[in-house]
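>>> what follows is a predicted structure for the sequence shown.
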Amino acid sequence: MKLGIFGGGQLGRMLAQAALPLDVECQVLDPTEAPCAAAAARHIHGDYADQHALDALTDGVDAVTYEFENVPVDAVKYVAARLPASPGATSLACAQDRAHEKQLFEDLGIDLAPWAEVDDFAGLREAVARIGLPAVLKTRRFGYDGKGQVVIRGADELEAAWQTVGAQPCVLETFVPFEREVSMIAVRSLSGETRCYALTENVHRDGILRQSAPLDGDALQADAEAALAKVMKALDHVGVMAFEFFVAEGRLLANEIAPRVHNSGHWTIDGAVCSQFENHVRAVLGLPLGDTATRGPCVMLNAIGEMPTTAELAAVAGCRIHAYGKAPRPGRKIGHVTLIADSSSALSDRLPALQAMMGV
């Protein structure tokens, strides 16, 4: 079998790596000269809006998917007219617009913080009057890793905040004094079967994910599973989806979805029976889904900007290394490691030294 992938970054790379043991070949469409996924897949150099490039991506493949949610919806619709493209354009369009996303949560009865659409500066003033401060102003489109958003704590900050986000359509949401940030990864098949991984606790700094660890048996597992099932069914989603939540006063508040494999699910490569990447490949190609059970205690740490040497990391017992083949650069995700152990106590003993090494 053969799979086409929009995007040749680290997620495309790990999808292609997971596909190989299934005897699935991958080819990626990416506009950069040497994307890191080219180490594991054939690279088609072209723009996502170029029809000739889209034709090349679909040539000889059984299905097409994407590694990130800023692929043009029209490009997905174009290839979907020729062969299966999953997740579909409906999921993609929803995830690209924070207002549509939040409205979906409300329509499905999923709890979230109070919010309002903001189309202009006058609308920002009206939204603040309605939901109060502090609040977070977020661009409706193209925000990730803390980009495209700003916290507003006082009325005197409105003008600066509006300029910071580029004076473009936004959503304003009440600032949530959360107890923790969690996410759940799930996968849905072509037939509608859904399987969920363990709820995962995440640690962010400067808007960038630094650490993720599965929480087997967490009291909020069932609530997160129910929310994901509602969203995936409503969108007729096929493949992996990530759902990020805030935990406030012991309950889940929806933050956002990602219609793809997700950084907070990287621990599944070494810590689950079947990884999110393999399960995504299985789902979009119509193969049976794999077991999402957690193998044992583990934690994933991102390498941001730089990464310790392979020799340094290899000396840490239970450390699984995943370098992405990307040049170091401040703020850039260039790899991750997953620490696994036989017990929670052993994991806790080893973790601080690895956190210090990784700068977490």
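The structure has been received and is ready for your questions.

>>> so this structure: which segments form each domain?
Domain segmentation of the chain under automatic domain parsing yields 2-85, 114-174, 180-358.

>>> contacts for stretch 69-89, please.
With contacts defined as Cβ atoms under 8 Å, 6 or more residues apart in numbering, stretch 69-89 is touched by 4, 6-7, 48-49, 51, 54, 57-58, 61-66, 92-93, 95-96, 142, 190, 235-239, 241, 258-260, 283-284, 286. Yep, even glycine has a C-beta here, placed from its N, CA and C like the rest.

>>> now do the helices in the stretch 151-300 of the chain.
Ranges of helices in the stretch 151-300 of the chain, per DSSP state H, counting those that start in this stretch, are 158-164, 221-235, 268-271, 276-284.

>>> list the buried residues in the second one.
Applying a neighbour-count criterion of 16 or more other Cβ atoms under 10 Å, one finds 221, 223-225, 227-232, 235 buried in helix 221-235.

>>> out of these, who's nearest residue 359?
Closest approach to residue 359 among the buried residues of helix 221-235 (Cβ to Cβ): residue 224, at 29.2 Å.

>>> which strand residues bridge the closest residue to that closest one other than its chain neighbours?
Spatial nearest neighbour of residue 224, chain neighbours left out: residue 184 (4.3 Å); criterion: Cβ to Cβ, 6 or more residues apart in numbering. Here residue 184 sits in beta bridges with residue 243, as judged by DSSP bridges.

>>> re the thing from before, mean pLDDT and distance to residue 102 added to the domains of the chain, as CSV?
Formatted as CSV, the domains of the chain follow (pLDDT from 0 to 100; distance: least, Cβ to Cβ, whole Å):
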stretch, mean pLDDT, distance to residue 102
domain 2-85, 97, 15
domain 114-174, 92, 5
domain 180-358, 97, 8
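
>>> want to throw those into CSV with distance to residue 106?
Formatted as CSV, the domains of the chain follow (distance: least, Cβ to Cβ, whole Å):
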stretch, distance to residue 106
domain 2-85, 20
domain 114-174, 9
domain 180-358, 9
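
>>> remind me which helix or strand residue 99 belongs to.
Using DSSP states H and E, residue 99 sits within helix 98-107.

>>> just the residues contacting stretch 116-128, thanks.
If you take Cβ under 8 Å, 6+ apart as the criterion, stretch 116-128 is touched by 99, 130-131, 135, 137, 140, 152, 155, 158-159, 161-162, 167, 169-173.

>>> hang on, residue 87 in a helix?
No - secondary structure of residue 87 (DSSP: H, G, I helix; E, B strand; the rest coil): coil, not part of a helix.

>>> which other helices and strands contact the helix holding residue 99?
Where contact means 3 or more Cβ pairs under 8 Å, 6 or more residues apart in numbering; DSSP states H and E, helix 98-107 is packed against helix 89-95, strand 170-174, helix 221-235, strand 251-258.

>>> from residue 34, how far off is the residue nearest the centre of the chain?
Geometric centre of the chain, nearest residue: residue 262, 3.1 Å, by Cα atoms, centre = their mean. Taking Cβ to Cβ, to the nearest Å as the measure, residue 262 falls 24 Å from residue 34.

>>> how many neighbours does residue 243 have?
Counted by other Cβ atoms under 10 Å, the residues lying close to residue 243 total 27.

>>> the one 4 residues further on too?
By the other Cβ under 10 Å criterion, the neighbourhood of residue 247 contains 18 residues.

>>> next: residue 330.
Residue 330 has 7 neighbours, counted by other Cβ under 10 Å.

>>> dump the residue contacts of it.
residue 305.

>>> pretty sure it is in a strand, no?
No - Residue 330: not assigned to a strand; according to three-state DSSP it is coil.

>>> give me phi/psi at it?
phi -50, psi 130 (degrees, to the nearest 10).

>>> from residue 309, how far out is it?
Distance from residue 330 to residue 309, counting by Cβ to Cβ: 19 Å.

>>> for residue 345, same thing?
In terms of Cβ to Cβ, residue 345 sits 28 Å off from residue 309.

>>> repeat for residue 228
Counting by Cβ to Cβ, the gap from residue 228 to residue 309 is 38 Å.

>>> try residue 315
When residue 315 is compared with residue 309 (using Cβ to Cβ), they lie 10 Å apart.

>>> more neighbours: those two, which one.
More neighbours surround residue 315 than the other of residue 315 and residue 309, with 11 against 8 (other Cβ under 10 Å).

>>> hmm, back to that, give me the buried entries from the contacts of stretch 116-128.
By neighbour count, with 16+ other Cβ under 10 Å, the contacts of stretch 116-128 hold 99, 131, 135, 137, 140, 152, 158, 161-162, 169-173 as buried.

>>> all helices of the stretch 1-150 of the chain, in order?
Assigned by DSSP H, counting those that start in this stretch, the helices in the stretch 1-150 of the chain fall at 10-19, 51-58, 73-80, 89-95, 98-107, 121-131.

>>> neighbours of residue 311, how many?
Counted with other Cβ under 10 Å, residue 311 comes out at 7.
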